[in-house]
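# A structural model of the following input is requested.
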Amino acid sequence: MSQATKRKHVVKEVLGEHMVPSDQQQIVRVLRTPGNNLHEVETAQGQRFLVSMPSKYRKNIWIKRGDFLIVDPIEEGEKVKAEISFVLCKDHVRSLQKDGLWPEAFSQVAEKHSNNRNRQTQPELPAEPQSSGEESSSEDDSDLFVNTNRRQCHESEEESEEEEAA
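Sure, this is the predicted structure:
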């Protein structure tokens with residue numbers, strides 16, 4: 001099976017079906033990704049441990065901090081205690097909440113997480129105070145984000161006026 005075909009089937013599986021966790025499976029939240037296809041997660045009871053990502057998800061599905069997963073326990077693991085069986089998107093979370101299968105400890109976290117994503121997709125513009133004449137025409141860029149990956153080049157007002165005159 002080619003990589004593109006495999007990716008298509010894996011993405012269709014993750015986005016399509018709504019998974020209900022079995023008795024042995026747990027719903028967990030991703031805390032961080034230390035690397036090597038391992039993710040540190042937290043259960044609804046507050047227990048922290050590492051989970052491994054199966055090879056079918058590697059390089060096909062990306063998991064970031066705050067995402068929710070369904071995991072299968074691994075008995076022989078000391079550090080890695082479970083394996084990811086399903087990645088939950090926000091539609092899956094909503095359906096589990098409607099069915100009453102969502103852990104209460106994650107209810108507030110899921111709402112905050114969805115609200116933060118909504119804010120990121122539709123950023124709100126801060127209200128600018130209206131001031132009189134001269135003050136409103138002057139520009140102050142000190143509150144803008146500074147990209148530290150680029151060299152800072154400072155241009156003086158005299159140089160910019162010379163360029164405009166030429």
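# Closest to the mean position in this structure, which residue would that be?
Centroid-nearest residue in the chain: Lys64, 4.7 Å away (criterion: C-alpha atoms, centre = their mean).
# Roughly how far does Val51 sit from Thr5?
Per C-beta to C-beta, to the nearest Å, Val51 is found 27 Å from Thr5. From N, CA and C alone the C-beta is placed, and that goes for glycine too.
# and what of Gln26?
Distance, Gln26 to Thr5, using C-beta to C-beta: 31 Å.
# For the two, indicate the residue with more neighbours.
Comparing Gln26 with Thr5 by other C-beta atoms under 10 Å, the one with more neighbours is Gln26, at 20 against 9.
# where exactly do the strands run in this structure?
For the chain, the strands defined by DSSP state E cover 26-35, 38-42, 48-52, 68-73, 80-88.
# can you list the residues that contact the last one?
Contacts made with strand 80-88 from outside it, assessed by C-beta atoms under 8 Å, 6 or more residues apart in numbering, are listed as 14, 19, 25-28, 38-39, 41, 49-54, 57, 61, 63, 67-74, 96.
# quick one: least confident helix or strand in this structure?
Least confident helix or strand, the chain: helix 133-137 with a mean of 48, by mean pLDDT, DSSP states H and E.
# Report the contact partners of the residue nearest to the centre of the chain.
Counting by C-beta under 8 Å, 6+ apart, Lys64 has contacts 30, 33.
# quick one: it and Thr5, what's the gap?
Counting by C-beta to C-beta, the gap from Lys64 to Thr5 is 25 Å.
# just Leu69 next, same as before
From Leu69 over to Thr5 the distance is 25 Å, taken as C-beta to C-beta.
# do the same with Val146
Using C-beta to C-beta, Val146 is found at 44 Å from Thr5.
# Ok, Lys98 next?
Here the distance between Lys98 and Thr5 works out to 33 Å (C-beta to C-beta).
# Likewise for Met19?
Met19 is 22 Å from Thr5, where distance means C-beta to C-beta.
# do the same with Ile70
25 Å.
# got the contact list for the closest residue to Trp102 other than its chain neighbours?
With sequence-adjacent residues excluded and distances taken as C-beta to C-beta, 6 or more residues apart in numbering, Trp102 is closest to Leu96, at 4.5 Å. Counting by C-beta under 8 Å, 6+ apart, Leu96 touches 18, 20, 27, 88, 102.
# from those, which is closest to Val10?
Leu88 (15.0 Å; C-beta to C-beta).
# residues near the closest residue to Gln25 other than its chain neighbours, how many?
Nearest residue to Gln25, sequence neighbours excluded (C-beta to C-beta, 6+ apart): Ile70, at 5.3 Å. Residues contacting Ile70 under the criterion other C-beta under 10 Å number 20.
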